[in-house]
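**Student:** give the three-dimensional model of this entry:
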Amino acid sequence: MKKVIIIGASTGIGSELARTFAKHGYEVGITARRQELLENLAAEIPAAKWHIKAMDVAQHDAAREALSQLIYEMNGVDIFIYNAGIGDSSSKWEKENNMLQVNAVGFAALANAMFYYFKSENKIGQIVGISSVASQRGSRMSIGYGATKAFMSNYMQGLRQQAAFKKLPITITDIRPGFVETPMTTGQKGMFWVIKSERASTLIYNAIVAKKHIAYIPGKWRFAAFIMRNLPEFIWNKF
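**Tutor:** Next comes the predicted model:
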């Protein structure tokens, strides 16, 4: 039985991914700050093998220790998915700093731990980060959020290169969703090509098991991302 750990599994994409992996016969480790939500999730599919761990990814050292404990309790892991994240369009420092601690530093703290776990165990493994199409270019509408997702994508690119250079059997998968219907996006204006979290979960699962390096969710966002990256700045600045 393959084993997966999902960081940030209490709601939205994370909880749907947990359901999807459980239904496909994986042993699933799930983390979030609110343990009761994780317990409710596990109760939905009692036939699956679940491992639950309360974790606040903004407490970086404690989160790394909790991750280590979870891996020990599961007797190893094959796939690690970082889905924890905060989305906020505010440019107030308190909120931007919170996004940095969760989306960027929290991701790096745990992705780093997982990379060296797989390396030290000489184990085939996969590290998955749920970044965003917003990672592709800075936007006035989501300055802090887009920057944290760009950090994630860049960090994963570096890990991927390091794994290739050292010939390590570690796959790094950067998942870049567009707009997904989740509690985090409720009430947001200007969204288009919106898909439900259940559909996003299926597409993400398929990309992970296919061991893709980069996957846009859904795939048509690849074209939007290309335009975003290549628009001349004087045009981009009008949006």
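**Student:** low-scoring stretches of this structure, by residue?
**Tutor:** The chain contains residues with pLDDT under 70 at 182-192.
**Student:** residues touching residue 224, list them.
**Tutor:** Contacts for residue 224 (Cβ atoms under 8 Å, 6 or more residues apart in numbering) come out as 133, 178, 193. Glycine gets a C-beta too; all of them are placed from N, C-alpha and C.
**Student:** which element is it on?
**Tutor:** Following DSSP states H and E, one finds residue 224 within helix 221-230.
**Student:** okay if I get the contacts of residue 224 as CSV plus distance to residue 35, secondary structure and neighbour count?
**Tutor:** As requested, those are exported to CSV (distance: Cβ to Cβ, whole Å; DSSP: H, G, I helix; E, B strand; the rest coil; neighbours: other Cβ atoms under 10 Å):
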residue, distance to residue 35, secondary structure, neighbour count
133, 31, helix, 20
178, 31, coil, 22
193, 34, coil, 12
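**Student:** distance check, residue 168 against residue 18.
**Tutor:** 27 Å (Cβ to Cβ, to the nearest Å).
**Student:** give me the buried positions along stretch 80-100.
**Tutor:** 80-87, 96, 98-100 (16 or more other Cβ atoms under 10 Å).
**Student:** output stretch 66-82 as CSV, restricted to C-alpha atoms.
**Tutor:** Extracted in CSV, the C-alpha atoms of stretch 66-82 (Å, rounded to 0.1, in the frame of the first residue of the first chain):
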residue,chain,number,x,y,z
ALA,A,66,5.3,16.9,13.8
LEU,A,67,6.1,15.8,10.2
SER,A,68,8.9,13.6,11.4
GLN,A,69,6.6,12.0,14.0
LEU,A,70,3.9,11.4,11.4
ILE,A,71,6.4,9.7,9.0
TYR,A,72,7.5,7.5,11.9
GLU,A,73,3.9,6.6,12.8
MET,A,74,3.3,5.7,9.2
ASN,A,75,6.5,3.7,8.9
GLY,A,76,7.5,5.8,5.9
VAL,A,77,5.9,7.8,3.1
ASP,A,78,6.0,7.8,-0.7
ILE,A,79,4.2,11.1,-1.6
PHE,A,80,4.3,14.4,0.3
ILE,A,81,1.7,17.1,-0.7
TYR,A,82,1.9,20.7,0.6
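**Student:** list the buried residues of that stretch.
**Tutor:** 66-67, 70-71, 74, 77-82.
**Student:** packing partners for the strand ranked longest in the chain?
**Tutor:** Using DSSP state E to define each element, the chain has its longest strand at strand 170-177. Here strand 170-177 touches helix 106-121, strand 125-130, helix 143-165, helix 197-209, strand 214-217, helix 221-230, going by 3 or more Cβ pairs under 8 Å, 6 or more residues apart in numbering; DSSP states H and E.
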